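**Q** fold the following, please.
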Amino acid sequence: TIVLKKADENAWDGKTFTEPQMDEEGTYLIGTGSELAWFANEVNSSTAKTTSSLNAKLTKDIDLAGYNFPQISYYTSSSAYVYYGGTFDGDNHKIYNLRIDKTAINASTVYGGLFAYTNGAKLKNLTVEGDVAITALSTMSVINANTGGIVGYASNTEINNVTADVNVEIKDYVKGNWSYIGGICGYTKGTVIKNSKNKGTISGNRYTGGIVGNTNGTVENCVNEGNVISTAGYAGGIASEITTSAVVKNCINTANIESKTGLMIGGIVGYANGSVDSSVNNCISLGTVSSAATGDTLGSIIGSITRGKVTNCYGVSKDKVVCGKVNATYATVTDSYASDDCNEVLYKYATGKELNDCSEDAKNEIVEMSKKGSIIIFSSHRMEHVELFCKKIVILLKGKNVLSGNIKDIKKKYRKKNVFVKGNVTKEELEKIKGVNEIIEHSDELELKIENEEVTPLIFKKIKDKEITKFVLEEPSLNEIFVAKVGESYEK
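**A** Purely as a prediction, here's the structure:
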């Protein structure tokens, strides 16, 4: 069943190809779905066995309306291909409602993605949202899928500031490995992916990665937020496999990585099958790493490493394992840490010290880091810690945002307040006042939970002729707001 979404104005109708204007430098300025379709067709019309160097720049967000898009570039065999080698600048616009529904025509590979095959290209400042699904004839056993949300196969390509919110999957899987599926790229060679993010769910059979399926290049400053599911194993939050001289650094995975029947599962890299100069450093993984299979190649950072170095990496693992299996002869793991506690991992990553259940020293360290400009990501149900450490919050209930914003603004807008009174006045006298919801007796003062600030003058009128040494109106605690908001959501 094909579901077509309601299209915006200037969306592609699935059949129109409109030539866009060019700027003075010969770059195509693309602002509609039909212009993007024309550009894809123009690239694909190049002489076979060549690389198209056409350049493009988006001038608006582009709606492809869920029609099956023809892809930019193609590869069907060693004698029938056109690579894309130009500069494609999204100019911070997005392409949305992308649909690539592709059937393999031979057993060697598929090349699914917005771009099928890039060689020497530059892709930058682009967001893509949609779905990529690949399949094959029931009799065909596909070896390599080479499929990504943005690029199927990227050779000597630079990808910078790209976000893929594309769900990638094998549809109607029958047989074969279907290797190398990734959120941004399926397979890369000599390619740099930096400052980029995947948000889509990536589902494959073998070698499935949040950012890339396989790479011998560099993946730097990238984030994966999309769950990765690999049926036969070899799965990683950033890369499923890294090979000769590959570098993965300054990357974060926040999603779950799982396999149904296989191993080699890691929060950052599934299988580090590189060289002695390959490295994974300064990375953090906060998602769950799991497999229905049993074995020793599951790790919060790497499932198995045969060669290379792992340095300053931190991950969440119920078994507190950084790397599942390490070849002691050719691989080293240093200054890295795993815990079953997400907050402990974050604190250790930031300070190098143990959390110790957030002791006073730990609290002071985090506060000082925040004052110096560090960005603190803190997850907790203990609102006193959140209020101490954070300026902005998001309160989630069953995955839904029930309250978010600046803490000071939230507390100011919250109508219910607290009044503290000390003096010769009794609880019984004050609880008769309309708008006083609750009174808590402390050792030497009374704490009044009031409906809103309008109740304050009524309290003052009641006690003005008494001997009062303290009368203070305060904002409610964040914990009170948290309990109230979560309770409201449950009632709804």
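**Q** so for Cys358, what's the pLDDT?
**A** Predicted confidence (pLDDT) at Cys358: the value is 49.
**Q** same check on Tyr490?
**A** At Tyr490, the predicted lDDT confidence score is 43.
**Q** thought Thr135 was touching Lys171?
**A** Yes. Thr135 lies in contact with Lys171 (C-beta atoms under 8 Å); the separation is 4.4 Å. Any C-beta I mention is one placed from the backbone N, CA and C, and that applies to glycine too.
**Q** which one's more surrounded, these two?
**A** Thr135 (20 against 14; other C-beta atoms under 10 Å).
**Q** now for Thr135 and Lys171: what residues contact both?
**A** Jointly contacting Thr135 and Lys171 under the rule C-beta atoms under 8 Å, 6 or more residues apart in numbering are Asp101.
**Q** so where's the chain uncertain?
**A** Flagging of the chain using pLDDT under 70 yields the residue ranges 1-7, 174, 347, 349-367, 369-370, 374-382, 385, 398-399, 415, 485-492.
**Q** spatially nearest residue to the residue nearest the centre of it (excluding sequence neighbours)?
**A** Geometric centre of the chain, nearest residue: Glu225, 2.1 Å, by C-alpha atoms, centre = their mean. Nearest residue to Glu225 in three dimensions, chain neighbours excluded: Lys199, at 4.8 Å (C-beta to C-beta, 6 or more residues apart in numbering).
**Q** repeat for Arg206
**A** Leaving aside its chain neighbours, Arg206 sits nearest to Ala232 (4.4 Å; criterion: C-beta to C-beta, 6+ apart).
**Q** same question for Ser196.
**A** Nearest non-adjacent residue to Ser196, counting by C-beta to C-beta, 6+ apart: Val162, 4.5 Å away.
**Q** over to the one you found. Which of the three states is it?
**A** Three-state call for Val162 (DSSP: H, G, I helix; E, B strand; the rest coil): strand.
**Q** can you give me the helices in the stretch 301-450 of the chain?
**A** Taking DSSP state H, counting those that start in this stretch as the test, the helices found in the stretch 301-450 of the chain are 342-351, 360-371, 383-389, 407-413, 427-430.
**Q** returning to that earlier point: tally of neighbours for the residue nearest to Ser196?
**A** Neighbours of Val162 under the rule other C-beta under 10 Å: 25.
**Q** and if you look at His93?
**A** By the criterion of other C-beta under 10 Å, His93 has 18 neighbours.
**Q** tell me what the helix or strand it falls within is packed against?
**A** Using DSSP states H and E, His93 sits within strand 87-104. Judged by 3 or more C-beta pairs under 8 Å, 6 or more residues apart in numbering; DSSP states H and E, strand 87-104 is in contact with strand 56-58, strand 62-63, strand 122-136.
**Q** gap between the residue nearest to Ser196 and Tyr207?
**A** Here Val162 is placed at a distance of 21 Å from Tyr207 (C-beta to C-beta, to the nearest Å).
**Q** ok, Ser300 next?
**A** According to C-beta to C-beta, Ser300 and Tyr207 sit 20 Å apart.
**Q** okay, the two: which has more neighbours?
**A** Per other C-beta under 10 Å, whichever of Ser300 and Tyr207 has more neighbours is Ser300, with 35 against 31.
**Q** quick one on the thing from earlier: helix or strand right after the strand holding His93?
**A** Next along from strand 87-104, by DSSP H and E: strand 115-119.
**Q** quick one: end-to-end distance for stretch 68-81.
**A** Counting by C-alpha to C-alpha, to the nearest Å, you get 20 Å between the two ends of stretch 68-81.
**Q** okay, stretch 245-256 in PDB with CA atoms only?
**A** C-alpha atoms of stretch 245-256 as PDB (Å, rounded to 0.1, in the frame of the first residue of the first chain):
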ATOM      1  CA  SER A 245      42.600   3.700   9.000                       C
ATOM      2  CA  ALA A 246      39.100   4.600  10.000                       C
ATOM      3  CA  VAL A 247      38.600   7.300  12.700                       C
ATOM      4  CA  VAL A 248      35.400   7.800  14.800                       C
ATOM      5  CA  LYS A 249      35.700  10.700  17.200                       C
ATOM      6  CA  ASN A 250      33.600  13.100  19.200                       C
ATOM      7  CA  CYS A 251      30.400  11.100  18.500                       C
ATOM      8  CA  ILE A 252      27.300  10.500  20.600                       C
ATOM      9  CA  ASN A 253      24.700   7.700  20.400                       C
ATOM     10  CA  THR A 254      21.500   8.000  22.400                       C
ATOM     11  CA  ALA A 255      19.500   5.300  20.800                       C
ATOM     12  CA  ASN A 256      19.000   1.500  21.300                       C
END
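**Q** now what about it, what contacts it?
**A** Here stretch 245-256 has contacts from 210-211, 215-228, 237-239, 242, 267-269, 274-275, 277-290, 308, using C-beta under 8 Å, 6+ apart.
**Q** any of those residues buried? List them.
**A** Among those, those classed as buried by 16 or more other C-beta atoms under 10 Å are 210-211, 215-228, 237-239, 242, 267-269, 274-275, 278-287, 289, 308.
**Q** just these: which are in strands?
**A** Of those, the ones assigned to strands by DSSP state E are 215, 218-220, 223-224, 228, 239, 242, 269, 279-281, 284-285, 289, 308.
**Q** before we move on, back to that, who's in contact with the residue nearest to Arg206?
**A** Applying C-beta under 8 Å, 6+ apart, we find Ala232 in contact with 177, 205-206, 259-262.
**Q** kindly report the same for Gln21.
**A** For Gln21, the contacting residues are 28-29, by C-beta under 8 Å, 6+ apart.
**Q** which residues does stretch 134-141 contact?
**A** Contacts for stretch 134-141 (C-beta under 8 Å, 6+ apart): 101-104, 106-107, 110, 112, 142, 145, 147, 169-176, 178.
**Q** with stretch 419-438 instead?
**A** 416, 439, 441, 444-452, 454-456, 458-459, 462-463, 466-474.
**Q** list the buried residues for it?
**A** By neighbour count with 16+ other C-beta under 10 Å, stretch 419-438 contains the buried residues 419, 421, 425, 430, 433, 435-436.
**Q** to what extent is the residue lying closest to Leu396 once chain neighbours are set aside buried, counted in neighbours?
**A** Once flanking residues are discounted, Leu396 sits nearest to Val402: 7.0 Å by C-beta to C-beta, 6+ apart. Per other C-beta under 10 Å, the neighbour tally for Val402 reads 16.
**Q** quick one: Val402 and Ile393 touch, right?
**A** No. Val402 is not in contact with Ile393 according to C-beta under 8 Å; the separation is 10.9 Å.
**Q** not counting sequence-adjacent ones, nearest residue to Gly423?
**A** For Gly423, ignoring the flanking residues on the chain, the nearest one in space by C-beta to C-beta, 6+ apart is Ile468 at 3.6 Å.
**Q** mind saving the C-alpha coords of stretch 329-346 as CSV?
**A** C-alpha atoms of stretch 329-346 as CSV (Å, rounded to 0.1, in the frame of the first residue of the first chain):
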residue,chain,number,x,y,z
THR,A,329,47.9,-8.2,20.5
TYR,A,330,46.7,-5.5,18.1
ALA,A,331,44.0,-3.5,20.0
THR,A,332,44.1,-1.2,23.1
VAL,A,333,41.3,0.3,25.2
THR,A,334,42.4,3.1,27.5
ASP,A,335,40.7,5.8,29.7
SER,A,336,37.3,4.4,28.9
TYR,A,337,34.4,3.5,31.2
ALA,A,338,31.0,1.7,31.3
SER,A,339,28.2,1.8,33.8
ASP,A,340,24.6,0.7,34.1
ASP,A,341,23.7,4.2,35.3
CYS,A,342,23.3,6.9,32.6
ASN,A,343,23.9,9.8,35.0
GLU,A,344,27.1,8.1,36.2
VAL,A,345,28.3,7.8,32.7
LEU,A,346,27.6,11.4,31.9
